[in-house]
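Colleague: the sequence and its predicted three-dimensional model are supplied below.
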Amino acid sequence: MKTGFVAISIVLIMSVVLVGIILTTALLGIGEAQTGLAHANGEIELNLVEGCMEQALIKIWNSASYSGETLGSCIITVNNVSGTYTVTVTSSNTAFRRTVQTTLTRTSQINLLSWTEI
């Protein structure tokens, strides 16, 4: 009789351990998938913001008085101090907000002094 009790106890303990391992592995997989999706969405948002920055540079090239705008889901702000422009583009998506800032001068051409993600 004791032999059966020990065998059932071992099977139950091993089952609990196995279920714990399976559950942990599944939760880790879900966490990794969520992290990967967040990273991909952040990269998409960065590409959008960089595209809006390029659009802002074209508008500055066409008009020295360009002061910014909201373009789709991008908020563009332009500060011109003595011919040195600081252009900041921020996405309006609060979950994956990205911001890019450039400093430039506008003479016969656009001279980028810096382009950074902040």
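Modeller: Perfect, I can see it now.
Colleague: for Cys52, grab the count of nearby residues.
Modeller: 23 (other Cβ atoms under 10 Å). Quick note: C-beta positions are derived from backbone N, CA and C, even for glycine.
Colleague: now swap in Thr70 and tell me
Modeller: 11.
Colleague: now Tyr66: phi and psi?
Modeller: phi -60, psi 130 (degrees, to the nearest 10).
Colleague: if you could redo that for Thr105, that was the one I meant.
Modeller: The phi/psi pair for Thr105 (degrees, to the nearest 10) is phi -120, psi 150.
Colleague: ok, it to Glu69 distance?
Modeller: 21 Å (Cβ to Cβ, to the nearest Å).
Colleague: beta partners for Thr86?
Modeller: Thr86 has these beta-bridge partners by DSSP bridges: Asn79, Thr103.
Colleague: look at it and report its pLDDT.
Modeller: At Thr86, the model reports a pLDDT of 98.
Colleague: give the contact list for it.
Modeller: Counting by Cβ atoms under 8 Å, 6 or more residues apart in numbering, Thr86 touches 78-79, 101-103.
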